[in-house]
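Colleague: I would like the atomic coordinates for the input below:
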Amino acid sequence: MTLASSPRAAADARRWVSDICRRLERPDLVECAELGVSELVANAILHGAAPYKVRVRGTASHPRIEVVDGSTSPPVPPVQLDHDDLDLLLTFGRGLAMVAQCASAWGATIESDGKIVWFEPAPQMADEASADWVIDQTEPDRPEPTSESAVEVRLVGVDVPLHTSLNRQYHELRRELRLLSLSHQSDYPLAGDLTAMFTNFERQFPATFHDQIRTAEARNLPRVDVHFPMVREAGPIFVTMTEMFDVADAFCRAERLLSIARTPVQRAFHNWLLGELVHQLDGAEARPWSGSAHAGRPSASRVG
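Modeller: Reported below is the predicted structural model:
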């Protein structure tokens, strides 16, 4: 839900998350959800930047409320204050301290275009801010695999806007699994395993692939041909991940994961891309993307 930059934003967010909790059959979380989101929205409008959004992710058992704004400045976690320091508490630490009291877990993610401050509402408010502050960080880049027998792969007619939208969806799914593994490893043991699988999947793509896509995005190209080396051992990884992405879509559609599944055109494009990698690593010739999402636009350019 997109929020207006006005005093009514907190009230709108409260009503929205209350409805979501009830739809998820979690009325026990409504009070803490409303209190926590009010504080995060007020904090975002006072100290952040537009656009402002509120969304719900996680699972029905552990829903997570996220407030998004356009500032990359990290929030300052609350400081433990003496109960006698009421003036200081009211002017400095009250907002995030109250969020911590309403939460079973909470934290923040800083991204290139803004930040996400999130909390998982607790069934009841605690007397003190006891919930842990979870630092959500992406794993450091690992060296990409190399081999003297690497294959030169060509992806012909890559739909650049479609690839960009698919990458955003993938980024959200990736973050979802990472947070579940950080906050609820015992409840979702597969989240950690899948996070490791995603990390290995990403390692198979060399930096030259990402550089060519970013260049095409910067030039506003509708389609582009890219070429890059890839090790043959990556083929089975792409076969497995094709199946994993379908499983993730099914979980999202069933609301077992409160994330957005791929659209049909995103799924078709993703299957083509992964299929091309598998086939070309096995010695087949390149086959262009034949989707018609941008029919009538200029022909593909080559980057690199």
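Colleague: grab the most central residue of the chain for me.
Modeller: The chain has residue 172 as the residue nearest its centroid, 2.0 Å off, counting by CA atoms, centre = their mean.
Colleague: low pLDDT regions in the protein?
Modeller: Residue ranges of the chain with pLDDT under 70: 77-95, 129-130, 132, 137-144, 292-304.
Colleague: the strands in it, which residues?
Modeller: Using DSSP state E, the strands of the chain run over residues 2-3, 52-58, 63-69, 103-111, 114-121, 133-135, 151-159, 223-230, 301-302.
Colleague: dump those to a markdown table, plus mean neighbour count.
Modeller: Every residue, glycine included, has its C-beta placed from N, CA and C. Formatted as a markdown table, the strands of the chain follow (neighbours: other CB atoms under 10 Å):
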| stretch | mean neighbour count |
| --- | --- |
| strand 2-3 | 17 |
| strand 52-58 | 21 |
| strand 63-69 | 24 |
| strand 103-111 | 21 |
| strand 114-121 | 24 |
| strand 133-135 | 15 |
| strand 151-159 | 19 |
| strand 223-230 | 20 |
| strand 301-302 | 14 |
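Colleague: will you turn those into a markdown table that also has distance to residue 16?
Modeller: Rendered in a markdown table, the data for the strands of the chain read as follows (distance: least, CB to CB, whole Å):
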| stretch | distance to residue 16 |
| --- | --- |
| strand 2-3 | 9 |
| strand 52-58 | 6 |
| strand 63-69 | 10 |
| strand 103-111 | 18 |
| strand 114-121 | 13 |
| strand 133-135 | 23 |
| strand 151-159 | 33 |
| strand 223-230 | 38 |
| strand 301-302 | 43 |
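Colleague: closest to residue 191 out of those?
Modeller: Checking the strands of the chain against residue 191 by CB to CB gives strand 52-58 as the closest, at 11.0 Å.
Colleague: so where do the helices sit in the stretch 201-304 of the chain?
Modeller: If you assign secondary structure with DSSP state H, counting those that start in this stretch, the helices in the stretch 201-304 of the chain sit at 207-218, 235-253, 264-281.
Colleague: and residue 200, how many neighbours?
Modeller: By the measure other CB atoms under 10 Å, the count of residues near residue 200 is 15.
Colleague: list the contacts for it?
Modeller: Neighbour list for residue 200: residue 237 [criterion: CB atoms under 8 Å, 6 or more residues apart in numbering].
Colleague: begin at 227 from here
Modeller: Taking 227 as the first residue, the last one we looked at is residue 426.
Colleague: can you give the contact residues for stretch 385-403?
Modeller: Applying CB under 8 Å, 6+ apart, the contact partners of stretch 385-403 are 283-284, 335, 362, 417, 420-421, 424, 439, 442-443, 447-450, 474, 478, 483, 485-486, 488, 491-492, 495-496, 499, 515, 517, 519-520.
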